[in-house]
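In: Turn this into a structure:
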Amino acid sequence: MIQSLHISNYALISHIDIDFSEGLNIITGETGAGKSIMLGALNMLLGARADAKVITDNSKKSVVEVVFRLEDPTMFEAFLSENDLDTDGDRIILRRELSPNGRSRAFINDSPVNLTQLRAIAIRLVDIHSQHQNLLLADPDFQLNIIDSLAGNDVLLSEYGEAYARYQTILKKYSQTRDMLRRGRDEADFISYQLEELENLDLRPGEETDLETERDLLSGMTHIKQNIAEAIAPMRGDENAVSALENTVDALRELSESIPDAEALASRLDAALIEIRDIASALESYDEEYNADPERLDDIEARLSKIYSLETKHHVENADALIDLCQRLKEQIDMLDNGDEMLASLEADARSAKKAAVIIARKISDARQQCAAQFAEELRAVAEPLGMKNLRCEIAVTSGKLNRSGIDQVEFLFAFNKNQTLLPVGQTASGGEISRLMLAIKSIVSRKMHLPSIIFDEIDTGVSGEVASKMGELMQSLGERIQVITITHLPQVAAKGRTHYKVYKQDDEHSTNTRVRQLNDDERVTELALMLSGATDNQAALAAAKSLFD
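Out: This is a model prediction of the structure:
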């Protein structure tokens with residue numbers, strides 16, 4: 001339920017805080033007092049488009065925040081966990097902030113979220129029902145959802161959704177394969193030619209890179225050999241560097257008898273000679289290994305030319321992509337060779353998947369048929385006291401082709417007068433009748449399943465007298481199961497509320513502001529009298545108001 005509502009710097013609202021109660025909460029006020037402004041702010045909180053024009057004071061942001069108290073916090077644990085959001089005991093706090101520059105930010109339990117996340121949780125917490133939403137009653141999907149909700153088809157619909165998705169996936173694969181086979185058979189000779197060309201090339205993974213590396217090496221071989229020759233020249237010949245250094249070592253050792261440090265110098269130079277001989281040996285190995293091979297270079301260039309040519313032809317970046325293409329062409333040829341068997345297998349799979357989906361769909365249809373008759377009777381009984389004593393109702397469930405929701409189409413048919421033909425609700429009901437039907441439907445649905453808090457925005461427009469009183473009683477009854485907040489102009493409805501709030505305008509020297517305050521019992525009687533007669537000092541109206549309130 002909505003525990004509290006905070007709105008600041010939004011249109012005529014500078015700052016309001018409202019604490020709502022369980023049961024039926026009533027909001028009244030004169031036309032233009034700001035009730036629609038409050039709903040606009042709530043809709044913005046629930047994910048509607050935000051417009052910076054609503055900001056009154058451009059030096060600060062506009063804020064709308066609602067604190068929801070949860071009867072069963074476990075219902076929201078999965079959502080909060082999946083979206084990495086903090087829990088707050090038995091509360092969820094939604095907040096929307098709008099800056100003067102038009103930038104909007106949303107929060108769940110003080111954690112920043114996007115509007116998709118905000119809407120996803122908001123629809124599970126509150127349902128704002130205004131007159132324009134009455135159009136939903138004529139929507140086939142809305143009608144079907146009501147029947148499924150009352151029939152308890154959630155588990156079956158989940159199973160059906162998986163079965164139907166599998167059937168559609170196989171069906172799509174069948175169509176794609178069939179179309180591919182048709183195109184492939186028209187192009188079979190060309191595909192075979194392309195495959196033969198690639199198979200004759202006989203590429204191996206990484207070959208292109210290896211060939212390019214070897215080509216670059218062979219192309220620069222003259223320069224490499226020249227550098228090796230220059231490096232190894234001092235190591236070769238009769239008077240090479242190694243021989244000279246060996247002579248130096250011998251000379252130092254002869255000096256060791258006369259110069260004590262000469263032996264140490266000879267040892268150091270001897271150690272260096274070991275490294276120099278190793279370097280000389282390595283250079284000689286390079287000299288033998290690296291040889292110019294013009295024929296090999298020509299072969300590599302020819303091989304690379306064929307690879308590059310096919311890469312260009314097939315619009316791919318490298319030889320590995322050609323290998324992948326070759327494999328795909330093989331698969332296409334195999335598919336063409338075995339296409340009939342493949343199609344037959346897919347067709348059998350599709351039939352099997354369809355059969356599985358139809359079995360579940362028929363179970364759903366049976367549940368819908370049974371529920372539809374019960375719901376029609378219950379709806380007639382609930383709606384009759386609301387001024388529709390001649391109401392006849394039929395929930396037509398007709399079977400047809402398999403679709404995403406099963407095999408049924410649901411249509412609500414009504415007749416509001418005697419001897420009137422049953423017609424779809426959009427062709428026969430007035431706006432007031434649709435409003436009362438929606439109230440009756442939500443009352444019935446709330447008995448069968450958990451609904452979020454409901455806000456009715458003048459759903460009772462166009463009714464009066466005893467019907468208005470019955471609507472108030474129905475809202476009061478609905479409030480025994482869930483929290484209901486009703487904006488109304490009818491005293492018969494307002495008298496039924498557990499809590500009553502008055503919206504009014506207040507002027508100061510600089511501006512006009514919308515205010516909200518909770519009424520005590522005496523103030524409620526006065527407000528009811530005002531709604532009845534337009535005056536607060538009319539004794540007859542006050543007596544009638546007290547009678548209504550009592």
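In: residues in contact with the one helix or strand residue 402 maps to?
Out: In this structure, residue 402 sits in strand 392-403 according to DSSP states H and E. Applying Cβ atoms under 8 Å, 6 or more residues apart in numbering, the contact partners of strand 392-403 are 143, 147, 164, 167, 354, 357-358, 361, 365, 368-369, 372-373, 375-377, 379-380, 383, 407-415, 420, 422. All C-beta spots, glycine's among them, are computed from the backbone N, C-alpha and C.
In: Got a PyMOL select line for the buried ones in these?
Out: The following PyMOL line selects those of the contacts of strand 392-403 that are buried, judged by 16 or more other Cβ atoms under 10 Å:
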select buried, resi 143+147+164+167+354+357+358+361+365+368+372+375+376+379+380+383+407+408+409+410+411+412+413+414+415
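In: neighbours of residue 228, just the number please.
Out: With neighbours defined by other Cβ atoms under 10 Å, the count for residue 228 comes to 18.
In: Give me the buried positions along the helix or strand where it lies.
Out: Element membership for residue 228 (DSSP H and E) is helix 221-232. Buried residues in helix 221-232, counting neighbours by 16+ other Cβ under 10 Å, are found at 228, 232.
In: Where does the prediction get shaky in the stretch 1-150 of the chain?
Out: Scanning the stretch 1-150 of the chain for pLDDT under 70 picks out 131-136.
In: repeat that for 80
Out: Applying pLDDT under 80 to the stretch 1-150 of the chain flags residues 129-138.
In: now the strands for it?
Out: For the stretch 1-150 of the chain, the strands defined by DSSP state E, counting those that start in this stretch occupy 2-10, 13-19, 24-28, 62-69, 91-98, 104-108, 111-113, 126-129.
In: follow-up on the earlier one: just the ones of the contacts of strand 392-403 in strands?
Out: Per DSSP state E, strands hold the following members of those: 407-415.
In: Residue 280: how many residues sit nearby?
Out: Around residue 280 there are 18 residues (other Cβ under 10 Å).
In: any idea how far it lies from residue 241?
Out: 8 Å (Cβ to Cβ, to the nearest Å).
In: In terms of secondary structure, what does the helix ranked longest in the chain contact?
Out: Determined from DSSP state H, the single longest helix within the chain is helix 339-383. Under the contact definition 3 or more Cβ pairs under 8 Å, 6 or more residues apart in numbering; DSSP states H and E, helix 339-383 sits against helix 140-151, helix 154-186, strand 392-403, strand 406-415, helix 431-448.
In: Include distance to residue 270 when you put the ones you listed into CSV, please.
Out: Compiled in CSV, the helices and strands packed on helix 339-383 are given as follows (distance: least, Cβ to Cβ, whole Å):
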stretch, distance to residue 270
helix 140-151, 96
helix 154-186, 77
strand 392-403, 94
strand 406-415, 96
helix 431-448, 102
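In: Tell me which of these sits nearest to residue 58.
Out: helix 431-448 (38.8 Å; Cβ to Cβ).
In: tilt between the closest one and strand 392-403?
Out: Orientation of helix 431-448 against strand 392-403 (axes from the mean of the first three to the mean of the last three Cα atoms, to 10 degrees) gives an angle of 70 degrees.
In: Helix 431-448 to helix 140-151, inter-axis angle?
Out: Going by the same axes, to 10 degrees, helix 431-448 makes 30 degrees with helix 140-151.
In: relative to helix 339-383, how tilted is helix 431-448?
Out: With the same axes, to 10 degrees applied, the angle from helix 431-448 to helix 339-383 works out at 110 degrees.
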